[in-house]
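**Q** Here is my input; please provide its structure:
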Amino acid sequence: MAEKPLFRQLLEASTIGLNLVLATFVGLAMGYGLDYLFDKYLGVITYPWLTIIFLIIGIIAGFRELIRMARKTYDGDDGNNKKGI
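**A** Modelled structure (predicted):
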């Protein structure tokens, strides 16, 4: 496995936290938007349930991406060197 340049390693490390935060806020925004649309166009009050459900889905997606990036870093760039984590 070839060693990555320092700048690339720093760039990959900085995206880990950013992905976690972005996934959480995207889930929150989707849930809030759906609550708003259901209330406005269908007259069904779902607030705050869709917001909470989509927030949890966003958090799970963020941690899933975090684990995927950690595995990719552990296994190397090509992903062919599986070590069983």
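**Q** Quick check: pLDDT value at Gly17.
**A** You'll see Gly17 listed with a pLDDT of 88.
**Q** How about the contacts made by it?
**A** Gly17 makes no contacts at all, as judged by Cβ atoms under 8 Å, 6 or more residues apart in numbering. Backbone N, C-alpha and C define where each C-beta goes, glycine included.
**Q** Wait, Gln16 touches Leu66, no?
**A** I think there's a mix-up here, since residue 16 is Ile and not Gln. Yes: counting by Cβ atoms under 8 Å, Ile16 touches Leu66, with 6.0 Å between them.
**Q** center of this protein - which residue?
**A** Centroid-nearest residue in the chain: Gly62, 2.4 Å away (criterion: Cα atoms, centre = their mean).
**Q** just to confirm, which helix or strand has that residue in it?
**A** Using DSSP states H and E, Gly62 sits within helix 49-75.
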